[in-house]
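Engineer: coordinates only, no sequence provided:
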């Protein structure tokens, strides 16, 4: 009986301690603003039923002349599209850049990736 009470009391103390946030802290240092990275994109122009249509990630990355690109990939925006030959696919070239370079990327026609 006493051991069950002690176990229950210990469980309650532990649970309330985590609820107060002490168990949820990750201890991660804040990233300085000049080191934060974001994703930007531009649609590749690819069309349904037209294999090899659209601009590759490598080719489009050359448009980001003054922006250092940390990674590049092709992604779908996940939006529903009409299924008909010749319609846009919704694929975009997505690039990881420093957040401080967003205005420059936007001036070049890129947008922040929010999908």
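Structural biologist: Ah, there it is. Keep in mind it's a predicted model, so treat the numbers as computed, not measured. Numbering: from 1, shown residues only.
Engineer: the residue minimising distance to the centre of the chain in helix, strand or coil?
Structural biologist: With distances taken as Cα atoms, centre = their mean, the chain has residue 39 as the residue nearest its mean C-alpha position (5.8 Å). Classification of residue 39 by DSSP: H, G, I helix; E, B strand; the rest coil places it in strand.
Engineer: all strands for this structure, in order.
Structural biologist: 37-43, 71-76, 91-98, 111-112 (DSSP state E).
Engineer: where are the low-confidence patches of the chain?
Structural biologist: 1-29, 33-34 (pLDDT under 70).
Engineer: returning to what we had before: most packed of the strands of the chain?
Structural biologist: strand 91-98 (a mean of 21; mean count of other Cβ atoms under 10 Å). C-beta here means a position set from N, CA and C on the backbone, and glycine is covered the same way.
Engineer: quick one, that one and strand 71-76 angle?
Structural biologist: Counting by axes from the mean of the first three to the mean of the last three Cα atoms, to 10 degrees, strand 91-98 lies at 150 degrees to strand 71-76.
Engineer: check the offset of strand 91-98 from the chain's centre.
Structural biologist: Between the centre of strand 91-98 and the centre of its chain there are 9 Å (Cα atoms, centre = their mean, to the nearest Å).
Engineer: so what touches that strand?
Structural biologist: The set of residues external to strand 91-98 that reach it, using Cβ atoms under 8 Å, 6 or more residues apart in numbering, is 34-44, 46, 54-57, 60-61, 64, 67-77, 105, 110, 113.
Engineer: repeat for stretch 75-83
Structural biologist: Taking Cβ under 8 Å, 6+ apart as the rule, stretch 75-83 contacts 41, 43, 48, 87-92, 94, 113, 115.
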